[in-house]
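Structure here, sequence nowhere to be found:
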DNA sequence: CTTTTCAAGTTAATCGATTTAGCAACTACC
DNA sequence: GGTAGTTGCTAAATCGATTAACTTGAAAAG
């Protein structure tokens, strides 16, 4: 095991002080009045031995780890993994690394993760917060650590926020179903008081009220096995014979719902229309293809990074921003019984 | 911004030396003969102020970062994100954190990432290597840094390896297609010399040879846009009219293939059978459902961690292991024209 | 000729831990 | 009473960087 070369090894080898080497490495040669020849000499040598600074030492001294903590619900969920991918890619270019962790939307796990991140001197947090960690985030803020909330947020906290217009997304989806001839629309969502879910419900409710329709609601507890979810959805469908369309509040609920509908041998979109919240590449490939409210994943990621970098680089007393991004309704076969698929039948 | 309490703050406050505090924190109280009262006193105080050690300082001193680098092809690919999730979860319990990065299977990007990881003093690497980074990994080995290769590997390197039996997986899939009455089976794969792809091809070839069939091969360059891939697959299908089944070498090739088949209005499994390599939760939900060779994701992840932890904790001269895990063929509708779906038709 | 200014570096403290070597005080034993 | 052993703790070096403060010699200014 070769010992890595340190800045001291370099300084000894070249017969200069480590200060000089440090200045050169950090591009402060001009500023600190190091001669061109010295600079060249050091740079050449560094190149030759392939010196790489020890970030641990650097971080210890400067107090900056150049690590951003990313806390999501579940990194294996396509929505979050896409975001993780983009965030990772972009922050990397700026010299930051990402620690990420899945919270499972669990309070204790989240609290614990924040602790671990703090031990690691993470510079800032991009976080889709689990319920019940408001105080922990407040603590971060009090300690001057930048936080960007995304996907959902605690409104009582003075942080930057990137979210989508959940209410509008759900509203548009339900209206779309009405316009396509569906009359009794159900909403299957998570048993959750988090804003993103609450807003999707509000959007649903608003659309229903406008039409004077009846609310048909199913709440699934968080973290349920897919099979159990499917079973519950089947029961829900059977108990509501008149229901002819469903809006699903998350992508995996839509998947479980699809399974339920398949098992009940109900035809989509003829007997039952459906729209999912949060689109997926595969939705276009199902037969029938599945309509969905698409989140602007790229934009969410980029805005979250942008805000985080602003926090990290600009003056402390920046005003916090809240970005609300628009969703897009991707209309496909599953929600249109009076168009394309209708034509096929006739 | 409150300054975090350090071990010195504690020692000063309690009027003891920082050595003593350190011993207690690291559970060496008995070993280092610290009295019970002193231990209790320190532990109580630490609890009270919520002290958290600075891992940067710790790492600097000990030379261990307790960080494992995970390099995958693409973190937003379901296969890799599932693995990332499991690895993250399990290593976390052991006090390790994960840095991960997507290589895009790109040589330069991978080399660069290894550099960055080294700066960060990553303790070990779990890596699905991109082509052309054999020397860089060898360098890691020479420097005594543990490496576990997974999914694919360079056979010239003395590292632990976790892979699946790609050849057998592909062989079984093709044989299955033959058994279900398909006679002319194509193979759509990536233009790649990496072992995992080479082995899948070998398995295909072996099965074809046994039956005395004809090889029908399409190589798609890596990193192609899905639309272009779909176009190429369409052309391939049209140029090979006799071909009645296809094995796809990756999950996203299967998706592009599905799109191509759909656009050509060819019926599955009647006119064309198909099997994907690498299963996906959604495959069971397509109509028809898609058969696939499933990788034991959980086991791959667990073995990779196990081997890494062994490297990290056991004596240096451990013998490297190569684990070859079995795949499972999940038979669904897309590959059976003479069974369930056949019955429906008759 | 003295004082300033400037160029080109260097010294040494520091970040927050770990760890080796050692010190004082007490007990035990012959 | 002298020596050895034990108990309970501490001093100080160290990891590899950064950086404020200082030095030194030469040129410029007065």
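Received the coordinates, thanks. Computed from a predicted structure; not experimentally measured.

The residue in the stretch 51-200 of chain A that DNA strand C sits nearest to: which element?
Using CB to the nearest atom of the strand, the closest approach of the stretch 51-200 of chain A to DNA strand C is made by residue A:61 at 3.5 Å. Where C-beta positions appear, they are placed from N, C-alpha and C, glycine not excepted. Using DSSP states H and E, residue A:61 sits in helix A:55-62.

And the contacts of the helix or strand that that helix is followed by?
Proceeding N to C from helix A:55-62, the next assigned helix or strand is strand A:67-72, under DSSP H and E. The contact list for strand A:67-72 (CB atoms under 8 Å, 6 or more residues apart in numbering or on different chains) reads A:80, A:83-84, A:87, A:91, A:96-103, A:110, A:113-114, A:117, A:120-129, A:308.

Spell out which parts of chain A neighbour DNA strand D.
Contact residues, chain A versus DNA strand D (CB under 7 Å from any atom of the strand): A:3-8, A:18-19, A:22-23, A:25-26, A:53-54, A:57-58, A:60-62.

can we see that at 10 Å?
When proximity is defined by CB under 10 Å from any atom of the strand, chain A lies next to DNA strand D at A:3-11, A:17-26, A:28, A:32-33, A:51-64.

How about the residue in the stretch 151-300 of chain A that DNA strand D sits nearest to, nearest residue that isn't a chain neighbour?
Closest residue of the stretch 151-300 of chain A to DNA strand D, CB to the nearest atom of the strand: residue A:160 (25.9 Å). Spatial nearest neighbour of residue A:160, excluding adjacent residues (CB to CB, 6 or more residues apart in numbering or on different chains): residue A:307 at 4.0 Å.

ok, the one you found touching residue A:162?
Yes - assessed by CB atoms under 8 Å, residue A:307 is found in contact with residue A:162 at 6.7 Å.

Which residues are in contact with each of those two?
Between them, residue A:307 and residue A:162 share these contacting residues under CB under 8 Å, 6+ apart: A:148, A:323.

buried residues in the helix or strand that contains residue A:201?
Assessed by DSSP H and E, residue A:201 sits inside helix A:195-211. Across helix A:195-211, burial judged by 16 or more other CB atoms under 10 Å in any protein chain shown covers A:195, A:196, A:197, A:199, A:200, A:201, A:202, A:203, A:204, A:205, A:207, A:208.

Turn the residues you listed into TSV, including distance to DNA strand C.
Output for the buried residues of helix A:195-211, formatted as TSV (distance: CB to the nearest atom of the strand, whole Å):
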residue	distance to DNA strand C
A:195	36
A:196	37
A:197	39
A:199	41
A:200	43
A:201	45
A:202	46
A:203	47
A:204	50
A:205	51
A:207	54
A:208	55
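
with those residues in mind, which one is nearest to residue B:140?
residue A:196 (42.2 Å; CB to CB).

was I right about the closest one contacting residue A:165?
No - counting by CB under 8 Å, residue A:196 does not reach residue A:165; the two are 10.5 Å apart.

which bits of the stretch 1-150 of chain A sit near chain B?
Residues of the stretch 1-150 of chain A found near chain B (CB under 8 Å from any CB of the partner chain) are A:1-2, A:4, A:52-57, A:59-60, A:65, A:74-76, A:78, A:81-82, A:84-85, A:88-89, A:92, A:97-102, A:115-116, A:118-121, A:142-144.

Show me which of the residues you listed are buried.
A:4, A:54-57, A:59-60, A:65, A:74-76, A:78, A:81-82, A:84-85, A:88-89, A:92, A:97-102, A:116, A:118-121.

Would stretch A:238-251 count as contacting chain B?
No - figure legend: stretch A:238-251 not in contact with chain B (CB under 8 Å from any CB); closest approach 10.3 Å.

Identify each buried residue in that stretch, please.
In stretch A:238-251, counting by 16+ other CB under 10 Å, buried: A:240, A:243, A:244, A:245, A:246, A:247, A:248, A:249, A:250, A:251.

List just the nearest of those to chain B.
Set against chain B, the nearest of these by CB to the nearest CB is residue A:251 (10.3 Å).

That closest one: what's it in contact with?
Neighbours of residue A:251 in contact, by CB under 8 Å, 6+ apart: A:77, A:78, A:79, A:276, A:277, A:278, A:279, A:280, A:292.

wait, the first one sits on residue A:255?
To tie it back to what came earlier, the one meant is residue A:77. No - contact criterion CB under 8 Å: residue A:77 and residue A:255 do not qualify, at 11.2 Å.

out of those two, which sits in the more crowded spot?
Per other CB atoms under 10 Å in any protein chain shown, whichever of residue A:77 and residue A:255 has more neighbours is residue A:255, with 24 against 20.

What pLDDT does the model give that one?
For residue A:255, the pLDDT comes out at 96.

Return the distance of the host helix or strand of it from the chain's centre.
Using DSSP H and E, the element containing residue A:255 is helix A:251-263. Helix A:251-263 sits 23 Å away from the centroid of its parent chain (CA atoms, centre = their mean, to the nearest Å).

Please identify the buried residues of that helix?
Buried-residue list, helix A:251-263, by 16+ other CB under 10 Å: A:251, A:252, A:253, A:254, A:255, A:256, A:257, A:258, A:259, A:260, A:261.
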